[in-house]
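Colleague: Turn this into a model:
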Amino acid sequence: MYGDFLREDTKIINIGGVKIGGKNKIAIQSMTNKKNIYAIIKQIQSLEENGCELIRCAIPNLEFTKFIKKIKSKIKIPLIADIHFDYRIALESIKNGADKIRLNPGNINSQEKLKEIINLAKDFKVPIRIGVNAGSLDKNILKKYNNKITSDALVESAINYINFFNLNNFDNIILSVKSSNVLTTIDAYKKLSIKTNYPMHVGITEAGISVVKSCVGIGTILYNKIGNTIRVSLTGNPLEEIKTAREILSSLELRKFGVEIISCPTCARTNGNLLKIVKDIKFACKNINKNIKIAVMGCEVNGPGEARDADIGVACSKNGAVIFKNKKIIKKINFIEITSYVLEEIENYNQN
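Modeller: Here you go, the predicted model:
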């Protein structure tokens, strides 16, 4: 399995009890998009229930930092404070209990102010993600690369910041080098991973409403054995970010999240309402933690043959469906019995 060969020599960082790097699992992160404190708490709780393991929250001003303690008292996962421009917000976020600071050093206009953040984070043992992105590269670096956002520009900027943090005796670091350009981002992560062993947060910034950029970019980076936390950035409901992140990790066999359902794309041979059948089974299995693969196929052609690696399979026919296990048909049933019978088979399934 590919996951067995994931890079394991990265530094281990503790984010509010969630360890990343080394042999630790790749953690799923998302970000709140609400402004009201109670709406933020409710959103985080919903994200927790659906598999979010790290949550990032924009801290827009000093006044908002006082809400960090209240948010943390109502949630179970570590809270990451997202800071831009005002170094005082970073300081107050640390004092109020943020488990990690996301910082773009290029947005802090003074090295002395940056040192203050570093020293306080050191005292509180709070990790800092050095987040380098295309929108805030140092002007001198941009000029060097003819004002073009290149992977080399992103990497050089990250290395400069790493060196500055290290000179100030700080190595509780997580890195990211993100761009809205998928190829630039992939290239930047590959180049940076050669130069450092700090854990990395992976994502494609400003990916819009489609998951395609994130799936291609994050998937490729992870396949290159790079990445310790991921976020699928989407315009809209962050619950979709969690769903997609889990599917990316599952497809690369880096993590398992209970029942996996595969189904055929349908064609003129399809029997029954396959889409409804798949949705019904998926909904019924959403809280089942067994690592089982279920194949749901629309005809006998796509039955045991194309779903041979499934633990339990369904193949629809004109008059109902057949259930198969280990490539063998074990029972014929009616369409309306499919979901209940699959659940019965899952309950009785022995993973040993």
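Colleague: contacting residues around Ile141?
Modeller: Contacts for Ile141 (C-beta atoms under 8 Å, 6 or more residues apart in numbering) come out as Ala153, Glu156, Ser157, Asn160. (Each C-beta comes from the backbone N, C-alpha and C, glycine too.)
Colleague: Adding pLDDT and distance to Asn172 as columns, could you present those residues in JSON lines?
Modeller: What follows is those, written out as JSON lines (pLDDT from 0 to 100; distance: C-beta to C-beta, whole Å):
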{"residue": "Ala153", "pLDDT": "94", "distance to Asn172": "25"}
{"residue": "Glu156", "pLDDT": "95", "distance to Asn172": "22"}
{"residue": "Ser157", "pLDDT": "93", "distance to Asn172": "20"}
{"residue": "Asn160", "pLDDT": "94", "distance to Asn172": "18"}
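Colleague: list the contacts for Gln111?
Modeller: Gln111 touches Phe164, counting by C-beta under 8 Å, 6+ apart.
Colleague: let's see it at 10 Å
Modeller: Pro105, Ile118, Phe164, Asn168 (C-beta atoms under 10 Å, 6 or more residues apart in numbering).
Colleague: Where does confidence bottom out across those?
Modeller: Among the contacts of Gln111, Pro105 carries the lowest pLDDT, at 89.
Colleague: Domain map for the chain?
Modeller: As assigned by automatic domain parsing, the chain contains the domains 2-251, 260-348.
Colleague: Please state the offset of the longest one from the chain centre?
Modeller: Just to be clear, that refers to domain 2-251. When distances are taken as C-alpha atoms, centre = their mean, to the nearest Å, domain 2-251 is centred 11 Å away from the chain's centroid.
Colleague: elements contacting the lengthiest helix in the chain?
Modeller: Criterion DSSP state H: the longest helix present in the chain is helix 151-167. Judged by 3 or more C-beta pairs under 10 Å, 6 or more residues apart in numbering; DSSP states H and E, the packing partners of helix 151-167 are helix 111-124, strand 128-133, helix 139-144, strand 173-178, helix 182-195.
Colleague: List the buried residues in that helix.
Modeller: Neighbour-count burial for helix 151-167 flags 151, 153-162, 164-165 (criterion: 16 or more other C-beta atoms under 10 Å).
Colleague: before we move on, what about stretch 215-233?
Modeller: 215-222, 226-233.
Colleague: coming back round to it: weakest of the helices and strands packed on helix 151-167 by average pLDDT?
Modeller: helix 139-144 (a mean of 87).
Colleague: So which bits of that one are buried?
Modeller: Neighbour-count burial for helix 139-144 [16+ other C-beta under 10 Å]: Ile141, Leu142.
Colleague: what does stretch 322-341 give?
Modeller: Val322, Ile323, Phe324, Phe335, Ile338, Thr339, Tyr341.
Colleague: where do the helices sit along the stretch 201-350 of the chain?
Modeller: Here the stretch 201-350 of the chain has its helices, by DSSP state H, counting those that start in this stretch, at 212-223, 239-251, 274-284, 338-348.
Colleague: With distance to Lys66 as added columns, please give those in a markdown table.
Modeller: Below are these laid out as a markdown table (distance: least, C-beta to C-beta, whole Å):
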| stretch | distance to Lys66 |
| --- | --- |
| helix 212-223 | 33 |
| helix 239-251 | 27 |
| helix 274-284 | 41 |
| helix 338-348 | 47 |
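Colleague: Of the ones you listed, which is nearest Ile40?
Modeller: helix 239-251 (14.4 Å; C-beta to C-beta).
Colleague: between the closest one and helix 212-223, how big is the angle?
Modeller: On the basis of axes from the mean of the first three to the mean of the last three C-alpha atoms, to 10 degrees, helix 239-251 is oriented at 40 degrees to helix 212-223.
Colleague: mind exporting helix 239-251 as CSV, just the C-alpha atoms?
Modeller: Only the C-alpha atoms of helix 239-251 are listed here, as CSV (Å, rounded to 0.1, in the frame of the first residue of the first chain):
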residue,chain,number,x,y,z
LEU,A,239,-18.3,20.6,5.1
GLU,A,240,-17.6,19.8,1.4
GLU,A,241,-13.9,20.4,2.2
ILE,A,242,-13.9,17.6,4.7
LYS,A,243,-15.7,15.2,2.4
THR,A,244,-13.3,15.8,-0.4
ALA,A,245,-10.2,15.6,1.8
ARG,A,246,-11.3,12.3,3.1
GLU,A,247,-11.9,11.0,-0.4
ILE,A,248,-8.4,12.2,-1.5
LEU,A,249,-6.7,10.4,1.4
SER,A,250,-8.8,7.3,0.9
SER,A,251,-8.2,7.1,-2.8
